[in-house]
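Visitor: Let's see this in three dimensions:
(one chain, ligands or ions: 2)
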Amino acid sequence: MLRASISSKDFSSRQLPCACGRLDSDGEPFRVAHVCTEANCSVHTRSPFICDHCYDSEDTPGHSKLKRIANYFRELSEQWSKLQENEKTLAKEVLQMYLPQQAIVELLEREIKLQTAVAFNGRLISEEMAKFQEFHREFQERYAKIEECMREDQTTKIWEEEAKFNEYTDKLTNRFGHLKTLVTVETIFTNYKDFIEHARIPEDSSVRRALFSFKERLIEQNARESMTPIDDPQTQIPEIASIRAELSNTSVPLRGLLSYLGGLHGAANFINNSLDAKSAQDSLQRTLAELTSHLHTLQGTLSDCTRQISILKEENENLKQQVSGARETAKIQEQLAAMESTMRQKDAQIRQQFMAAQDQLEQACNQRISEVNNRVSEVESRMMGGYI
Ligand SMILES: [Zn+2]
Ligand SMILES: [Zn+2]
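Guide: Numbers count the residues shown, from 1 in each chain. Ligands and ions are numbered 1, 2, ... in the order given. As a prediction, this is how the structure comes out:
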C-alpha cells in the first residue's frame, strides 16, 4: 500500500548516508536526496544516489537524468504496487479456471504416457501450472519484503530489487501471460484431444464426469466431421457415397460407445467386471446368510448374558440390604451396650443409696428401741417405787 503523502523530514532522515561521507553541523551524515536514473552513467559510477551537497557541487551541465529521491521512491513504489496487482489478478483468474480442471488434466497427462503409440505435440499444462504456482508463491514472498521497504521509506533497498522487478514483469507477460487462455475447458480439450477417445475410465466420479463430457464432445465432433462431404472424386459415385455413409452411421456410434467404456480394453474389463460382479454377488449372499446366522447366535448369547446380569444385580441388591441391616444391628448393639453400662452405674448408685438408707433406718430403729427400752425401764422403776 502506498502512503497518501510522504512527510519530507521523516522521509529524508530515513535515507542512507551519502557515499561522500560528509557530516553536517550537528555531526550527522548527509543523506542521499537525489538519484541518477541514467543507465551506465559515466558520472555516477560509485552510486547513483547522492546528497544535496554532492548535487550542488556537481558540475555536470546537460545531465538531466537526476531526480529527487522522494519522487523516485514514489515511482518505484507505484510500479511495484501495479505489478503486484497484475500478478494477483492473473493468479486469481488462472487458478479459478484451472483448479476445477486439474484432475482431468492430470488424468489425460497419464494417458499420454500410457498411449505410447500416439504422438503428443501439445503442452503439459499441469507442469506449466506447477511452475506458475511456484512463481506466485515466490512473488508474494518477495512483495511482502518490498512492502516493508515501502513502509520504512527504504528507497535504495527497493532500487536494489530492480533486476527482480524486471524479471517478474517479463515472466508475468511473456512466460505466464498465456495461461489465461491455456486453462480454459476448450483449450484443455483441444490440447489432449488425441488421448480422450481411449482414455481409461477413472474410479473417482467427478473426474469420470469430466472425462465423459470430453468424450461426448469428441463423439459429437467426430460425428459432425463424418457428415462433412469429402472432396474426393470417388464420392461422386453414388454407390461409394452410400457405402461410406452407412459405414459412418455404424462406426461413429460404435466408436462413441467404446470410448465411454475406455476403448476395447476398457470394454473387456467392463464385461469381466460385470461377470465377476455376478459371482461376487452370489458369494456375498452366502457370506450374508452366514453372517445372519452368526448374528442370531450372538443375539442369543447376548440375551443370556443380560439375564445373568439382571440376576447378579438382584443378588447384589440383596447383599447391599443385608450389609445395611448388619450395620443397623451393630449400631443398636452399641446403643444397648451403652444403655447397659448406664444401667449398671445407676444400679450401683441405687444399691449404695439403698444400703445407706438401710443403715440409717437400722440406726434409727435401734435408737428408737433403746429409747423405748429406757422408757420402759423408767416406768417400771417408777411403778416399783410406788409399791415400795
Ligand atoms: Zn548520472
Ligand atoms: Zn554526498
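
Visitor: Look up how far Lys331 lies from Ser324.
Guide: 11 Å (C-beta to C-beta, to the nearest Å). C-beta here means a position set from N, CA and C on the backbone, and glycine is covered the same way.

Visitor: Show me which residues of this protein sit near ligand 2.
Guide: Neighbours of ligand 2 within the chain, by C-beta under 5 Å from the ion: 18, 20, 51, 54.

Visitor: one more time with 6 Å, if that's ok
Guide: Counting by C-beta under 6 Å from the ion, the positions of the chain adjacent to ligand 2 are 18, 20, 22, 30, 50-51, 53-54.

Visitor: Can you tell me which of those lies closest to Asn366?
Guide: Each of the residues of the chain next to ligand 2 was checked against Asn366 using C-beta to C-beta; the closest is Phe30, at 141.6 Å.

Visitor: Any idea how many residues pack against the closest one?
Guide: Neighbourhood size, Phe30 [other C-beta atoms under 10 Å]: 19.

Visitor: Go ahead and flag the most central residue of this protein.
Guide: By C-alpha atoms, centre = their mean, the chain has its centre lying nearest to Leu99, at 18.8 Å.

Visitor: Next one: that residue from Glu141, what distance?
Guide: In terms of C-beta to C-beta, Leu99 sits 21 Å off from Glu141.

Visitor: Next, work out how far apart Ser213 and His178 are.
Guide: With C-beta to C-beta as the criterion, Ser213 and His178 are 24 Å apart.

Visitor: for Lys320, that is, sorry about that
Guide: Distance from Lys320 to His178, by C-beta to C-beta: 84 Å.

Visitor: Of those two, which one has the most company?
Guide: Applying other C-beta under 10 Å to Lys320 and His178 shows that His178 carries more neighbours, namely 13 against 10.

Visitor: so what's the backbone phi/psi at the more buried one?
Guide: Main-chain dihedrals, His178, degrees, to the nearest 10: phi -80, psi -10.

Visitor: surely Leu107 meets Pro202?
Guide: Yes. The pair Leu107 / Pro202 is scored as a contact, 5.9 Å apart, by C-beta atoms under 8 Å.

Visitor: Looking at those two, which has the bigger crowd around it?
Guide: Between Leu107 and Pro202, counting by other C-beta under 10 Å, Leu107 is the more crowded of the two (21 against 17).

Visitor: Is the more buried one in a helix, a strand, or coil?
Guide: Leu107 carries the three-state label helix when classified by DSSP: H, G, I helix; E, B strand; the rest coil.

Visitor: Which single residue of the stretch 251-388 of the chain approaches ligand 1 most closely?
Guide: Ser259 (67.8 Å; C-beta to the ion).

Visitor: Equivalent analysis for the stretch 201-350 of the chain, please.
Guide: Ala210 (58.7 Å).

Visitor: Please report how far that residue lies from ligand 2.
Guide: Separation of Ala210 from ligand 2 (C-beta to the ion, to the nearest Å): 65 Å.

Visitor: For that residue, which residues are in contact?
Guide: Listed by C-beta atoms under 8 Å, 6 or more residues apart in numbering, the contact set of Ala210 reads 101, 103-104.

Visitor: Helix or strand with the lowest mean pLDDT in the protein?
Guide: helix 238-260 (a mean of 70; mean pLDDT, DSSP states H and E).

Visitor: The chain against ligand 1: which residues are in contact?
Guide: Going by C-beta under 6 Å from the ion, the residues of the chain near ligand 1 are 36, 38, 41, 43-44, 63, 65.
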